[in-house]
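1. next input, structure requested:
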Amino acid sequence: MAKKFKILKLSKVGVGVVGPSAVARETAEFAKVNAELVEVFHTNKNDIIAAVKDADIILLGSVPIERWIVEAAPKCIAVMCQSVGYDRIDVQAATDNNILVVNNPSFEWCIEEVSNHAMVLLLACAKKLKTLDNLLSQGRWADAKKAQSPMGSIYGQTLGIVGCGAIGRMVARKAKAFALNVIGYDPYIAQVYLAKENGIKLTSLEEVLKADYITLHPDLNETSLHMINDKVFAQMKPSAYLINTSRGKVVDEVALVKALEEKKIAGAGLDVFEVEPLPKDSPLNKMNNVIVLPHTASFSSQAFDLAPIKIAQEVARVLTGKLPLNIVNKSVTPRVKLV
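-> Residues are numbered from 1 along each chain as shown. Next up, the predicted model:
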């Protein structure tokens, strides 16, 4: 009888990204490669250690994959995530333990959904939708009408994109349809041609910070951690809006709250935060010029249909002795021979 492989997903109760139907789809897809999906809901450290000891592959859920987890998984070949971002995986720890880290930088659904989400937040900020909705929900029609003034048009204004990867470039294409001027900053020279092809004029970060709207799309790493800070807010226009659908820790949240309170910027549209779930007592929850959403930029029914298929393809490659397509830690020596 062929060996049955164990795919382990670690999740927190009430914080799962996908619903029961998506989990069922994942289970069905993994079964095709004789792999069983086991989802363990986070209770305590000992339970997790017991669960990972016989896992062949760990699938990133809502529990970060830290060093102590990979060190407790002697059979694990790879840690995989269905998204572009892999900042919740301790890549160095995985590398030290000869475990592959696999992400999916070309996820079509992720690129489309997150770029749409960024544009939704931009438009909602520009049209003051939160303020108007709040007032009208209270029956204050006259006050809502007055709150529209002043309200500018996005036509002909400038959008600054920080991070011109696949998502940033897709945002640019959609922004051009709204007649926004698009400029961008990306420290990686490889993006130059692709940025230009998608209508982005690459320039310095300082120039991008002068834009009317700034949308963030960098990977989270040592360079981008808190790259949006007090110094940055001091360079932005008082009329500017900040949009973040990337990672919460790209923005120094204390500095953001201060900038909003001191009216250094006009407002923000945020899908991600330094601490998630966003604490109930966060000042951001109470600000009328800030739209807060629960890290759902990539969500859609279509996304949940596609995600299990994509990750199952990578799982199948590894479990049949092949290298996955998207290895983050390329210098690692895998625990088993893969070709």
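2. pLDDT weak spots in the stretch 201-339 of the chain?
-> Residues of the stretch 201-339 of the chain that meet the criterion pLDDT under 70 lie in 307.
3. tell me where it has strands.
-> Chain-ordered strands for the stretch 201-339 of the chain, with DSSP state E, counting those that start in this stretch as the definition, fall at 201-202, 213-216, 241-244, 267-270, 290-292.
4. to Ala142, which of those strands lies closest?
-> Comparing the strands of the stretch 201-339 of the chain against Ala142 with CB to CB, the closest turns out to be strand 267-270 (22.5 Å). Just so you know, the C-beta spots here come from the backbone N, C-alpha and C atoms, and that holds for glycine as well.
5. which strands border that closest one, and is each parallel or antiparallel?
-> If you go by DSSP bridges, strand 267-270 pairs up with strand 241-244 (parallel), strand 290-292 (parallel).
6. count of residues packed around the closest residue in space to Ser300 that isn't next to it in sequence?
-> Once its chain neighbours are removed from consideration, Ser300 has its nearest residue in Glu113; the separation is 5.3 Å (CB to CB, 6 or more residues apart in numbering). Other residues near Glu113 come to 21 when the count uses other CB atoms under 10 Å.
7. quick one: which of the strands of the stretch 201-339 of the chain is nearest Pro277?
-> strand 290-292 (10.7 Å).
8. buried residues in the closest one, which are they?
-> For strand 290-292, a neighbour-count test (16 or more other CB atoms under 10 Å) marks 290-292 as buried.
9. and stretch 247-259, by the same measure?
-> Buried positions in stretch 247-259, judged by neighbour count with 16+ other CB under 10 Å: 247-253, 255-257, 259.
10. can I get these in a markdown table including distance to Lys130?
-> Below are the buried residues of stretch 247-259 laid out as a markdown table (distance: CB to CB, whole Å):
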| residue | distance to Lys130 |
| --- | --- |
| Arg247 | 23 |
| Gly248 | 19 |
| Lys249 | 24 |
| Val250 | 22 |
| Val251 | 19 |
| Asp252 | 23 |
| Glu253 | 19 |
| Ala255 | 22 |
| Leu256 | 16 |
| Val257 | 17 |
| Ala259 | 18 |
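11. tell me which of those residues fall in helices.
-> Here DSSP state H is the test, and the buried residues of stretch 247-259 give 253, 255-257, 259 as lying in helices.
12. from those, which is closest to Asn34?
-> Minimum distance to Asn34 across these is 44.9 Å, recorded for Glu253 (CB to CB).
13. skipping adjacent residues, who's closest to the most centrally placed residue in the chain in space?
-> For the chain, Ser246 is the residue whose C-alpha lies nearest the centre (CA atoms, centre = their mean; 4.3 Å). In space, not counting the residues next to it along the chain, Ser246 is nearest to Leu216; the distance is 4.7 Å by CB to CB, 6+ apart.
14. before we move on, what about Glu71?
-> Looking at Glu71 with CB to CB, 6+ apart, the closest residue is Asn97, at 6.3 Å.
15. ok so, going back, would you format the strands of the stretch 201-339 of the chain as a markdown table with distance to Met80 included?
-> Conversion of the strands of the stretch 201-339 of the chain to a markdown table gives the following (distance: least, CB to CB, whole Å):
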| stretch | distance to Met80 |
| --- | --- |
| strand 201-202 | 32 |
| strand 213-216 | 25 |
| strand 241-244 | 25 |
| strand 267-270 | 28 |
| strand 290-292 | 30 |
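16. helices of the stretch 201-339 of the chain, start to end?
-> Using DSSP state H, counting those that start in this stretch, the helices assigned to the stretch 201-339 of the chain run over residues 205-208, 230-235, 253-261, 301-319.
17. how about those helices, which one is nearest Leu122?
-> With CB to CB as the criterion, Leu122 lies closest to helix 205-208 of the helices of the stretch 201-339 of the chain, at 14.8 Å.
18. can I get that closest one as CSV, trimmed to CA atoms?
-> As requested, the backbone C-alpha atoms of helix 205-208 are provided in CSV (Å, rounded to 0.1, in the frame of the first residue of the first chain):
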residue,chain,number,x,y,z
LEU,A,205,10.7,57.6,-3.1
GLU,A,206,10.9,61.3,-2.2
GLU,A,207,9.0,62.1,-5.4
VAL,A,208,6.4,59.4,-4.9
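19. tell me what it is packed against?
-> Taking 3 or more CB pairs under 8 Å, 6 or more residues apart in numbering; DSSP states H and E as contact, the helices and strands that helix 205-208 lies on are strand 158-162, strand 181-185.
20. which of the ones you listed sits most buried?
-> Among the helices and strands packed on helix 205-208, the stretch with the highest mean neighbour count (mean count of other CB atoms under 10 Å) is strand 158-162, at a mean of 26.
21. and it, what does it pack against?
-> Helices and strands in packing contact with strand 158-162 are listed as helix 166-177, strand 181-185, helix 205-208, strand 213-216; criterion 3+ CB pairs under 8 Å, 6+ apart.
22. so which of the strands paired with strand 267-270 comes closest to Asp87?
-> Nearest of these (CB to CB): strand 241-244, 14.1 Å.
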